[in-house]
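> Using only what follows, build the 3D model:
(chains A and B, ligands or ions: 6)
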Protein chains: 2
Amino acid sequence: MVFEKETIDPAAQEMLQVAEEEGRETTWDLREQMEPQCGFGDTGVCCNICLQGPCRVNPNYNEKGNQKGICGARDYTIVARNLVRHTVGGTSSHSGHARHVAELFREVAEGHVDSYEVKDKEKLMKVADKLEIETEDRETNEIAKEVAEEAIGNFIGFHGEELSWLEPMVPESRYQIFNECNIIPTGINDAINEAMHRTAMGVDSDPLNLIFGNLQTALADFTGCTIGTDLSDIIFGTPEVVESEANLGVLDEDAVNVIVHGHEPVLSEKVVAAAKKLEDEAKEAGAENGINVAGICCTGNELLMRQGVPLATNFASQELAIMTGAVDAMVVDIQCIMPSIQSVANCYHTEIITTIPFSKISGAKHIEFNDSTADQDAEEIVRTAIEAYKERPKEINIPDYKSKLMAGFSFEEIENILSQVNEDDPLSVINDAIDEGDIKGICLFAGCNNTKVTHDKNHTEVAKGLVENDVLCVATGCVANALGKAGFMLPEAVEEYAGEGLKRFFSKLNEELGKELPLIWHMGSCVDNSRLIEFVTALANHKGVDIGEYPIVASAPEPMHEKAVSIGSWCVTIGLTTHVGVLPQITGSRLVTEVATKVAKDVYDGYFILESDPEAAVEELVAELDERTWVQDMKA
Amino acid sequence: MVFEKETIDPAAQEMLQVAEEEGRETTWDLREQMEPQCGFGDTGVCCNICLQGPCRVNPNYNEKGNQKGICGARDYTIVARNLVRHTVGGTSSHSGHARHVAELFREVAEGHVDSYEVKDKEKLMKVADKLEIETEDRETNEIAKEVAEEAIGNFIGFHGEELSWLEPMVPESRYQIFNECNIIPTGINDAINEAMHRTAMGVDSDPLNLIFGNLQTALADFTGCTIGTDLSDIIFGTPEVVESEANLGVLDEDAVNVIVHGHEPVLSEKVVAAAKKLEDEAKEAGAENGINVAGICCTGNELLMRQGVPLATNFASQELAIMTGAVDAMVVDIQCIMPSIQSVANCYHTEIITTIPFSKISGAKHIEFNDSTADQDAEEIVRTAIEAYKERPKEINIPDYKSKLMAGFSFEEIENILSQVNEDDPLSVINDAIDEGDIKGICLFAGCNNTKVTHDKNHTEVAKGLVENDVLCVATGCVANALGKAGFMLPEAVEEYAGEGLKRFFSKLNEELGKELPLIWHMGSCVDNSRLIEFVTALANHKGVDIGEYPIVASAPEPMHEKAVSIGSWCVTIGLTTHVGVLPQITGSRLVTEVATKVAKDVYDGYFILESDPEAAVEELVAELDERTWVQDMKA
Ligand code: SF4
Ligand code: SF4
Ligand code: FES
Ligand code: FES
Ligand SMILES: [Fe+2]
Ligand SMILES: [Fe+2]
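Ligands and ions are numbered 1, 2, ... in the order given. Presented below is the predicted three-dimensional model:
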């Protein structure tokens, strides 16, 4: 098959054919033109932190070359500083997202906006309980206000204060470890500030100190993610199982196609509502099927989880959606939006609409989205799409590929499902299956796409390998999207891919439930990786062990964004051994690499597996799960 | 003379000879080994913001090459993002420094620490007035507490709130311009967070939007600097004119030599006090002259300004201080500390002592400095130096070069001096001299050293050129240090270097004062660039014009740190045309370069002059001052 070096997604392959025929440039072309990539930057040993740079030191310990930057910084200092700054980029991204939700939530709680409300009171009460906020005999709004203040306090926390959202999210034993290493952040913004400062020229040059700084920043990131998830659930509802579809085939020739792309539910939820409302206007404009909203990246995941909105595609293939000629508007907010989409859209009738003041694209239409005028803004956006639809040329290329999928596996929904099996002790359903050997453990799939590897290939191959080895898999972000497109999020996939133990687990479960669960569980967007930690903390507490002793691993087969760096960092800190399928830019320092892949285990139980070969990765992940179980058995 | 390519400082030249003889590696050797530096990084067109990178695009518009990163990011996006992240590095550095002072101040105000106090009540009242905090009939501590809360509020300020420290620092007309461009930050930490987020992969790719984001971050930096200066003055005293000496000749063969290096006065003030207290212990250990404290970088400037402590040297030559063999301990806190000092110290008896938890150097001794145990910590540090002194080998090489200098020109002290000439209207002394043509205008010298140019050469040559052209010059940071070493901060220098007009200005002034002022005025450390803005705001208000219309320029002849990037950015935003003597990493984008060097003028009156040739720089700076005066004359 053609284009198999670029992607394993048949819809994307078909579109690459179209791109070639029409002479359009894609990210894969740019990738090819970029080769060979600079080996210094690629291994993290290029420093540009002061105006004396760039300094590049020789990452090859066996050859002659510069071993120090102009200021005397060694490979390990340069690599560790770059790593910390990547984590800061990730933390500021997640927390920027979460902060927007927190600010909106405060407005909601204070009754300043009409367009949003506390939709899920149960979740509000749960979050309030977690934060030890009094809930009895209190008005919902009073509780909401206090939760909002607490959330904002976690962002602005200043030296001497402490993050209240972090402690209840992990087992006590784990928080103890954080405490012993002195890596508990005092506030998200504060952690970001200090991390940027310590990595400035002539501040921290001790690689171990920098690495601890990295983990501290990562815990701030984790806290931000959790706040993002919790408050989004309160405002938009906690996800429950839904059915939908994924891949470019969800685009509808006979509808106004609006793609929402980026990360926040705040805007996109309103676009979905506006699309429903303006259905008739679309029909009047000639779109028989009205308006079809589909998602890309995590905005897509957010809407899929809560509204069953279909996924158009994931990160790497975002340009290809436009090349179908069927997208009337692509509405973007923040993160993972390739600047190239505007150049692609220039060749089509598609409107690229930016919505956030600090996230613009030259040449795109900017329709500013304000929480207080959310409904009107969303209507203006949808109307812009309807107008564009009128200009849509006849010739379009929608690839005929889409897969059904199930999503909506919030921790609450998982608990709910399990309690239908065992009302008194829902978590025992999982832990017993592990004890009985039906399940070898759990793996969280997270992360993006990265053109350094074939699109979606690592995702599907690592997943295939793990489920075959009886690992219960959950997924978020663009890997969830990939696994959805590839059919793994369906009950049928159990029969096709699962190992014998996992099959037994599902068949027992399905039988008792009287319905069929999908093989891999879609937990949501990037910030929703927090759901997995909530899940595994509950499981570990239930089992009476620390997360570092529980058979849990994580895998980011195709990491791209700085967010993946921060998520990976906190996964390891929280005790999950974490596979990374594209080499992170740390390999230029033997010291930093050894700490990440080996020494980390001694302190945090979790460590990094850097492995680009999916088969080898599966082997190592399975070995890690086996080892954890074996150690537990020895202790028992 | 030898080593004149590296440095024009005779003490440094002598030490480079020693280094060569003893086979020691210096930053200049590392610099040489680094050549050729990578042209992509050097011009800002290398992106490493996601794990698909590094992407490098062709900065040469006339040749073939990659014009886009893998995600489609163009040169202008990549350059603008890198620029913003540099400014964030600078902002987090200054504000990290200021935050420490603010936290300490809060502790002082609340009576939680004994080792520090409100030393300068007058300054406290002035700051309280500026912030519109009630001062009448209130206890000092009450006022201090409110000022402290306000300071901390400026750091943690959250969306929707506003920076109270910024508005009173600039003319109303200037604040108006900030407002119109929507670049007023809501909080220092908040600005840092948003700047990191907007520069993450797939967020902001519009270069103009990014540049406005850069300026917003820079204003947060300016606010942080101002808070740092104001609160340091309150705790440690507002500087008044002092006399001292500068250059390696200040090291004393017969004393325990303690070098304080870095940026904060909090620690170093205590080291000075401890040194006085432990004088006898040093003598007992055999050091006839007791303990000699000298400074490097801005810690040095802080102590010089307030205590008359001599300057050992500035940034580029920090390693050379150790190579004298006469430094018993080099105590460092944060910023501009070359990691190489430890490798150098390994060849000597010198103890490198780190003091701040997030700023360590592998191999150095760490003596943690806590505000609450400040006196004891400082004593431990000084005793460590005394112990090291006992191990000092006989053979030392202190170059016999030092210059006398005067420092201490805080805005308050300048006002005080001017009011001795004209009590009712002190500022008219300057403004009249400008009107009469004795002074062509004012130049602020700021910034570091950068091994891309000959050490201290740009500093002295640009200064020479400007004073010859009747420009009244003030200086901070490592350029102040350079000009001090070179003898510009003495009254004698007026005769030697000043143009006729400037000579007239000084002779009138000196006559009326009955004492002699130095040619160039030392205003303090990097954060003290805020003093200049306070000064020029007063002058512009006095003249009834905006800063953009006032004959004021800035020059960073040898910028190195990210702090220089943020200072330069806010100088331009505040209306100062700003010369930069080492090309910043923006030249790979024609668009960004044009905005910085041209378009900025239309919006902010200030713009960047990128010019590595000092003569050409002088010409352009003088032309800018002339133009401003000429425009004013036309209007009058
Ligand atoms: S901080 Fe050091 S290694 Fe980095 S660019 Fe500057 S001189 Fe080079
Ligand atoms: S953000 Fe874009 S230009 Fe930068 S490294 Fe990633 S793909 Fe390359
Ligand atoms: S030298 Fe290649 S990324 Fe800097
Ligand atoms: S390619 Fe040289 S700095 Fe990246
Ligand atoms: Fe995402
Ligand atoms: Fe400085």
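
> When you work out contacts or count neighbours from here on, use the C-alpha atoms and nothing else.
Fine.

> For the spatially most central residue of chain A, which non-adjacent residue is closest in space?
By C-alpha atoms, centre = their mean, chain A has its centre lying nearest to A:C526, at 1.9 Å. In space, and not counting its chain neighbours, A:C526 is closest to A:G477: 4.9 Å by C-alpha to C-alpha, 6 or more residues apart in numbering or on different chains.

> hey, where'd the strands end up in the stretch 251-400 of chain A?
Using DSSP state E, counting those that start in this stretch, the strands of the stretch 251-400 of chain A run over A:256-262, A:291-296, A:311-313, A:329-332, A:351-354, A:365-366.

> pretty sure the residue nearest to the centre of chain A contacts A:F445?
No - contact criterion C-alpha atoms under 8 Å: A:C526 and A:F445 do not qualify, at 10.3 Å.

> joint contacts of those two?
Shared contacts of A:C526 and A:F445, defined by C-alpha atoms under 8 Å, 6 or more residues apart in numbering or on different chains, are found at A:T476.

> Surely the residue nearest to the centre of chain A forms part of a helix?
No - read with DSSP: H, G, I helix; E, B strand; the rest coil, A:C526 is coil and lies in no helix.

> What residues does it make contact with?
Counted by C-alpha under 8 Å, 6+ apart, A:C526 has contacts A:225, A:298, A:446-447, A:476-477.

> do the longest helix anywhere in chain A and chain B meet at all?
When chain A is parsed with DSSP state H, its longest helix is helix A:75-109. Yes - counting by C-alpha under 8 Å from any C-alpha of the partner chain, contacts between helix A:75-109 and chain B involve A:86, A:88-90, A:92-93, A:96.

> could you dump the residues you listed to CSV with distance to ligand 6, pLDDT and neighbour count?
What follows is the residues of helix A:75-109 next to chain B, written out as CSV (distance: C-alpha to the ion, whole Å; pLDDT from 0 to 100; neighbours: other C-alpha atoms under 10 Å in any protein chain shown):
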residue, distance to ligand 6, pLDDT, neighbour count
A:H86, 25, 98, 26
A:V88, 24, 98, 32
A:G89, 26, 98, 33
A:G90, 29, 98, 27
A:S92, 27, 98, 34
A:S93, 30, 98, 32
A:G96, 30, 95, 26
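
> how about the nearest residue to A:A486, chain neighbours excluded?
Using C-alpha to C-alpha, 6+ apart, the closest residue to A:A486 is A:S403 (6.9 Å).

> thought that neighbour was touching A:F488?
No - A:S403 is beyond contact range of A:F488, at 9.3 Å (criterion: C-alpha under 8 Å).

> Among the two, which residue is more densely surrounded?
A:F488 (28 against 21; other C-alpha atoms under 10 Å in any protein chain shown).

> and that one, which of the three is it?
Classification of A:F488 using three-state DSSP returns coil.

> what's the burial count for A:Q67?
Counted with other C-alpha under 10 Å, residues neighbouring A:Q67 total 20.

> Equivalent analysis for A:K130, please.
14.

> quick revisit: of the residues of helix A:75-109 next to chain B, which pair is most distant in space?
Between any two of these, the greatest separation by C-alpha to C-alpha is 15.1 Å, found for A:H86 and A:G96.

> Looking at the stretch 51-200 of chain A, what residue ends up closest to ligand 5?
A:H94 (8.9 Å; C-alpha to the ion).

> Checking my notes, A:T223 in a helix, right?
Yes - checked against three-state DSSP, A:T223 lies within a helix.

> Looks like it contacts A:L166 (just checking).
Yes - counting by C-alpha under 8 Å, A:T223 touches A:L166, with 5.6 Å between them.

> and the residue nearest to A:A486, what are its phi and psi?
In terms of degrees, to the nearest 10, the main-chain angles of A:S403 are phi -120, psi 140.
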